[in-house]
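**Q** pasted the sequence and its predicted model underneath.
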2 protein chains.
Amino acid sequence: MGIVKSNLAISLDGFSSAPGQSRDEPFGVGGGRLTEWMFETDLPGREGDAMIRGTWSDGVGAFVMGRHMFGGYAGEWDLSWRGWWGEDPPYHAPVYVLTHHERAPLPMEGGTTFHFVTDGIEAALKQAQAAAGEQAVSIAGGATTVRQYLAAGLVDELLVHVVPVVLGEGERLWDGLGGLAAEPTEVIASPTVTHVRYRINPSG
Amino acid sequence: MGIVKSNLAISLDGFSSAPGQSRDEPFGVGGGRLTEWMFETDLPGREGDAMIRGTWSDGVGAFVMGRHMFGGYAGEWDLSWRGWWGEDPPYHAPVYVLTHHERAPLPMEGGTTFHFVTDGIEAALKQAQAAAGEQAVSIAGGATTVRQYLAAGLVDELLVHVVPVVLGEGERLWDGLGGLAAEPTEVIASPTVTHVRYRINPSG
């Protein structure tokens, strides 16, 4: 079985999104700043950012994501909603969406199929691991979902992209994780963002 | 005039101390973990930590610190209290202690003199800058004091030592600083701690 990993862009104060999330502003008002590091990575000095950006899904056989990250549920499913990513999402693998509401699997182009899992984070991870085989499972986000998996001790590796801005409010990755220990195993830095890869609970 | 800088060890979730601070546990219960990176820096792979530790006061002509960091006031001054650092504190320069309570200057061995400033953070910084001349002023801590200077736009450079542990509660560096922008200018990493130097409000 492969490892369970996650990667998430966070502000200096640990927020992965700002308040006011909507279809127009999926990272909340002002939270789009957290995604800017992914653009213009061909500029000088940004080779590390380009590498990180280009390898985010390497070795990943399946993904898990929270319901807000997928979107499309507001009292009932909007069945025309097929995620934020267009007809050919960048996952190219099964994606297990955590939700309390049943929906039939949604096959997309390019190998991505969204599966909707209603029986909790451990069940979703088991399904993802079965699909991934020897490959890794990635907990794709958002912060609430990553935090749940961290709190349950189910994450082996966390890669954070620390964006040098203070958001002040939003959804905070670290809340409720007091006592979590980690070991930084790789740091890649540019003037735009600092990427730190952690092994979680290394002695655990 | 030199720059104003600060350096502070913080947890992944941004705390510079845990609750329960006392003379026995100046970083709070469990917060001593934030200082462990300063020890055993002669071990392999820790050359960067040794360098950071060995140069923390280079080029600094005066310091400013908060009253809790100095200690010794509880309703009235304990005049036998001469700080946490023994008779020869590591500052070797004037140190301006923010307090609401008058106390005569306290000269120590090795060039350190503690001055007690009762008229606010800007007054303390002006006195420190006058003493430092062309050298830098360092805002020595704790987090509340550093945060006040950051909020007032008075800090040019912030060096954080990110210790890979989640404390969950305590005194948080980033609180109330929403909108602060920074640019990482140097990153030094080891398996123990990640040091990131930021230029604060680079376009401001």
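**A** Alright, I've got the coordinates.
**Q** for A:A140, what are phi and psi?
**A** phi -80, psi -20 (degrees, to the nearest 10).
**Q** so what's the closest residue to it other than its chain neighbours up against?
**A** Spatial nearest neighbour of A:A140, excluding adjacent residues (C-beta to C-beta, 6 or more residues apart in numbering or on different chains): A:M65 at 4.3 Å. Using the backbone N, CA and C atoms, a C-beta is placed for each residue, glycine as well. When contacts are counted by C-beta atoms under 8 Å, 6 or more residues apart in numbering or on different chains, A:M65 touches A:95-98, A:139-142, A:145.
**Q** mind redoing it with 10 Å?
**A** The neighbours of A:M65, taking C-beta atoms under 10 Å, 6 or more residues apart in numbering or on different chains as the test, are A:83, A:91, A:95-99, A:114, A:124, A:138-142, A:145-146.
**Q** who does it form a beta bridge with?
**A** Per DSSP bridges, the residues bridged to A:M65 are A:V97, A:G141.
**Q** average pLDDT across the lengthiest helix in chain A?
**A** Ordering each helix of chain A by length in residues (DSSP state H) puts helix A:121-132 first. The average pLDDT for helix A:121-132 rounds to 98.
**Q** still on that earlier bit, closest one of the contacts of A:M65 to chain B?
**A** A:V146 (12.9 Å; C-beta to the nearest C-beta).
**Q** A helix includes the closest one, no?
**A** Yes: per DSSP: H, G, I helix; E, B strand; the rest coil, A:V146 lies within a helix segment.
**Q** tell me the spacing between it and A:H101.
**A** According to C-beta to C-beta, to the nearest Å, A:V146 and A:H101 sit 21 Å apart.
**Q** more neighbours: which of the two?
**A** Neighbour count, other C-beta atoms under 10 Å in any protein chain shown: between A:V146 and A:H101, A:V146 has more, with 26 against 12.
**Q** do you have the strands of chain A handy? List them.
**A** Ranges of strands in chain A, per DSSP state E, are A:4-11, A:15-17, A:60-65, A:94-98, A:106-107, A:113-117, A:136-141, A:157-163, A:171-172, A:182-189, A:194-200.
**Q** need those in TSV (columns: mean pLDDT).
**A** Formatted as TSV, these follow (pLDDT from 0 to 100):
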stretch	mean pLDDT
strand A:4-11	97
strand A:15-17	93
strand A:60-65	98
strand A:94-98	98
strand A:106-107	98
strand A:113-117	98
strand A:136-141	96
strand A:157-163	97
strand A:171-172	92
strand A:182-189	96
strand A:194-200	97
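**Q** out of those strands, which is the most enclosed?
**A** Most buried of the strands of chain A by mean neighbour count (mean count of other C-beta atoms under 10 Å in any protein chain shown) is strand A:15-17; its value is a mean of 29.
**Q** nice, that's everything, thank you.
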